[in-house]
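[1] Here is my input; please provide its structure:
(chains A and B)
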Amino acid sequence: MVNNSVSDLIRLSATALSAKLRAGDVTSVQAVQAHLDRIAEVDGALNAFLHVNAEEALAVAAEVDAIRAAGGAEAEALHPLAGVPIAIKDLIVTKGQPTTAASKMLEGWMSPYDATVIEKIRAAKLPMLGKTNLDEFAMGSSTEHSAYGVTRNPWNLNRIPGGSGGGSAAAVASFEAPLALGTDTGGSIRQPGAVTGTVGVKPTYGGVSRYGAIAMASSLDQIGPVSRTVLDSAYLQELIGGHDPKDSTSLPKALEGLVAAAEAGATGDLKGLRIGVVKELQGEGYQAGVQARFEESLELLKGAGAEIVEVSCPNLKYALGAYYLIMPSEVSSNLAKFDGVRFGKRVLPESGPMTIERVMGSTRAAGFGDEVKRRIILGTYALSAGYYDAYYGSAQKVRTLIQRDFAAAFEQADVLVSPTAPTVAFELGENDNDPLAMYLNDVATIPANLAGIPGITVPGGLSEDLPVGIQFLAPAFEDARVYRAGAALEALLEKSWGHTLISQAPAIDSASIAPKA
Amino acid sequence: MSNYTDELVDFDVALEKYDPVLGFEVHVELNTKTKMFSDAPNAFGDAPNTNVTPVDLGLPGVLPVVNKTAVEYSILIGLALNCKIAERCGFARKNYFYPDTPKNFQTSQYDDPIAYDGWIDIELEDGEIFRVEIERAHMEEDAGKLTHMGGSTGRIQGADYSLVDYNRSGVPLVEIVTKTIEGAGKRAPELAKAYVAAIREIVKNLGVSDAKMERGNVRCDANVSLMLKGADKFGTRTETKNVNSLRAVEHAVHFEIERHAAVLDSGAKIVQETRHWHEDTRSTTSGRPKSDADDYRYFPEPDLVPIVTTAEWVEELRSRLPEPPADRRKRLKADWGYADKEFRDVVNAGVLDEIEATIAAGTSAAVARKWWMGEIARLAKAADKEIADLGVTPATIVELNSLITSKKINDKIARQVLEFVVDGEGTPNEIVEKRSLAVVNDDDALGKAVDEAMAAMPDVVEKIKGGKMQAIGALMGPVMKATRGQADAGRVREIVIEKLGL
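    Numbering: from 1, shown residues only, chains lettered A, B, ... in the order given. So this is what the prediction gives:
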């Protein structure tokens, strides 16, 4: 193939594109331009990007091309993903590009420093296409809570792309980018992955440095990869992972063998692997179509030699409750710094005395959206004297119980499996007035955050023409296991379908957007 | 019922009726190279907002990392205060909105301090020992510095605007909290001063703090309450904040005892509140109400992992502890043989180290004291400087003393040489050389000067011959003049006597 059409280039996985770049079949500038063209073509309908940085992305691409053209040691030393474009969730700070957290609070703010993961991406020379949309400060499951407009699901423009990382997932699902970074506090990488037919991984807590990810809930937040194939995510996690002296909670040693595990899994051989079906993470509350795809996946896994066992984690029924105490408590403290004093938005009171308290108050009233305020209020309450033990204290006890449940389950199984989300993508606006229904979307993903363990979502088929995700969980530090199981299921399903799931996504047609009721 | 009174009850009268109960929170700024949670320099006096990183400014996305040296210094303080060291402890967030706190929470230890349950013996002026029990010593970070512009008071009320400097934000602090101190009686103000002085001395001796109160390296919050003699319940306390000199600590406690007594005598109640100390009027004014229910929504800091102190680590640190200052004083006083008052004066002048070094370098205890407490102290007073800042070192004194004992210079010239040292002209030897100040005891030169003086004053010579030996003094003037004051007076006298054959 001499001339690569745009549609060919953008449909390549990161790994496949990397191979073409290294073979000299295409240049990084061509690849980046193809994705920029795609963004220009479809992002008006999707709104996956809050900021596109064509100039910088092309400059990095040109640099990679020049190194490759010159050959020699420097070309040899290039990272495998060098020249492969990537999109960054706009919760991660970047020098030279705006970082908004999808909040009015940070409108126009430019970070004077790079997140550790961004330093690694710059060092590996991945051109950064821009910053992707999210629920404000990563609070939501639909990306409807962005201060800069909703992101639409590429599979159906009237559906949500999941959240909070709906922008990264939609960008990857719509071929605007082969790779993206997300953050996952309660499912913000995995649930958008599930509802957009993409792959997303939440690494073991501490596996990837959080330095420069704007904190939502510090004890739960984790940066991870978003891609269209399991192997691509493995490459990206190996790039961004490892100990960071700037993050006290980062693991002392890098998690290794992820790419190797994904490659091993792709052979489809699962002999000897014990896969636990979590009784509490399926069945009631899960849509029939979701449950059906899940059971089909189990059959395929069994056929590949895996031993399927049922495990029970009885305390998972408290997970959502505990999460909605711990997360808002940390939110209430983490977001206190947004007060208009040092950076970002400042709103002066319209009347009355100009005191610092009133400037802080009017700034926060104007700068934060409703969902953010809801969680700050919940968290402030939960931490208050007299309530701490009943709320934050008992939630932490639940967390310990859930960790014990998982530890027991992992004595019976090497990995656990469940649907990633209980439903396919719901309609935009459907849960506007029902935050609790919205929160239920994360019922299957939250336990991994509470326990600090790794989780992956892989596409598991369609229900009502919308993607269903299958989630694998593994013990802490055993991220390789979710890559192996995820890559195996991905290979088995694609073999059974005869194609990838994402290849079945419809063309993006803005005419299909339903007028607002 | 009024909570405020301008009235005071005389201190002695107050203490006939009430027993004071004290408690102190002393904040010690550690002198680590970098801050508690960032690698920004921990330095005093630089241009505002220069010693800051994104972490110190609380920018979005930043994370703290604990300074290991600060932890070691905190353990050293704990050990010096006879505390137990926690095997495992952590940090918490103290949440409150205030612009000197960039994250709008302070990262501080809360229910698991690194050091707890200690004590310190305080020596009062008359030698009485008063044991103060230490509740805890915990680590935290300092806030930035606010300067309120406009208005007359320099306080936030009435200011037009405020400036904030985050250089101090994140500087490592250890807060030392006493248990309630009962039984001090009328010595409460003196004990307060002695306690803070002892803490300052300990941290300075450990080398973990610059310990300069005028720079805020050591800051004291003094809690005072009164209870009727014989009562079994403590009275309501007030907390006088940021009392930043030893004398002020003494005065603040004294004032609060007189004020509390007046309020209680009037039948009113003491409001639990913070008080501001005013050095000019030596009085306190009401700050903000403070109740035990102040809600800081503490919770464990999720961005940090627990600090684990192994027994080996703690013992290694214990082996680094210097001799406690009180023990050292006892030893030095015995070694040097100073009288009680002499030694107390030396301690109060803050020249213990200098005298010790001077003696170690070879001078006698008496000579060392003569110089440091005499001429050097006088020069410091004249220059309005601390003795330590004068530029005089133990080596200076050793040199001066050997110039005197070798008769190169006399006492009077030595004092001049010292002034030149203070002026920065060099070492005593250099100055004597450069200014040609060495005593003239060359017999030829002296003999010539004596001959000239005797020739000019025959009447004086006659008097001497007549047995009036004190008349030799009259010859001294011309001889000194001829030798520019550098003649050895004893030798001149001997030469006169020799020449006259007496």
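[2] Pull up the residues of chain B that are close to chain A.
    Proximity of chain B to chain A (Cβ under 8 Å from any Cβ of the partner chain) is limited to residues B:54, B:57-66, B:93, B:95, B:97, B:99, B:102-105, B:162, B:164, B:293, B:295, B:297-299, B:302-305. C-beta coordinates here come from the backbone N, C-alpha and C atoms, glycine included.
[3] Any of these buried? List them.
    By neighbour count, with 16 or more other Cβ atoms under 10 Å in any protein chain shown, these hold B:54, B:57-66, B:93, B:95, B:97, B:99, B:102-105, B:164, B:297-299, B:302-304 as buried.
[4] contacting residues for residue 338?
    Going with chain A. A:Phe338 makes contact with A:Ser103, A:Met105, A:Leu106, A:Gly344, A:Thr363, A:Arg364, A:Gly367, A:Phe368, B:Pro60, according to Cβ atoms under 8 Å, 6 or more residues apart in numbering or on different chains.
[5] looking at chain B here, not the other one
    Here B:Tyr338 is in contact with B:Val346, B:Ala365, B:Arg369 (Cβ under 8 Å, 6+ apart).
[6] what secondary structure does it sit in?
    Under DSSP: H, G, I helix; E, B strand; the rest coil, the three-state class of B:Tyr338 is coil.
[7] Now tabulate the contacts of B:Tyr338 in JSON lines and tack on pLDDT, secondary structure and neighbour count.
    Output for these, formatted as JSON lines (pLDDT from 0 to 100; DSSP: H, G, I helix; E, B strand; the rest coil; neighbours: other Cβ atoms under 10 Å in any protein chain shown):
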{"residue": "B:Val346", "pLDDT": "89", "secondary structure": "helix", "neighbour count": "23"}
{"residue": "B:Ala365", "pLDDT": "92", "secondary structure": "helix", "neighbour count": "17"}
{"residue": "B:Arg369", "pLDDT": "93", "secondary structure": "helix", "neighbour count": "21"}
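[8] with those in mind, which one is nearest to chain A?
    Here the nearest of these to chain A, counting by Cβ to the nearest Cβ, is B:Val346; it sits at 47.1 Å.
[9] Return the residues in contact with that closest one.
    B:Val346 makes contact with B:Tyr338, B:Leu352, B:Ile355, B:Arg369, B:Trp372, B:Met373, according to Cβ under 8 Å, 6+ apart.
[10] From B:Thr178, how far out is the residue minimising distance to the centre of chain B?
    In chain B, the residue lying closest to the centroid (Cα atoms, centre = their mean) is B:Lys212, at 6.0 Å. Applying Cβ to Cβ, to the nearest Å, the value for B:Lys212 to B:Thr178 is 22 Å.
[11] do A:Leu36 as well
    For A:Leu36, the distance to B:Thr178 equals 66 Å [Cβ to Cβ].
[12] pLDDT value on the residue nearest to the spatial centre of chain A, please?
    Nearest to the geometric centre of chain A sits A:Ile189, at 2.1 Å (Cα atoms, centre = their mean). pLDDT for A:Ile189: 98.
[13] swap in B:Asp6?
    B:Asp6 is assigned a predicted lDDT (pLDDT) of 67.
[14] mind listing what residue 136 touches?
    I went with chain A, as the question did not name one. For A:Glu136, the contacting residues are A:Ala101, A:Ala102, A:Ser103, A:His145, A:Ser146, A:Ala147, A:Phe368, A:Gly369, A:Glu371, A:Val372, by Cβ under 8 Å, 6+ apart.
[15] Wait, chain B was what I had in mind.
    Residues near B:Arg136 by Cβ under 8 Å, 6+ apart: B:Cys83, B:Pro113, B:Ala115, B:Tyr116, B:Asp117, B:Ile176, B:Val177.
[16] Lovely, talk soon.
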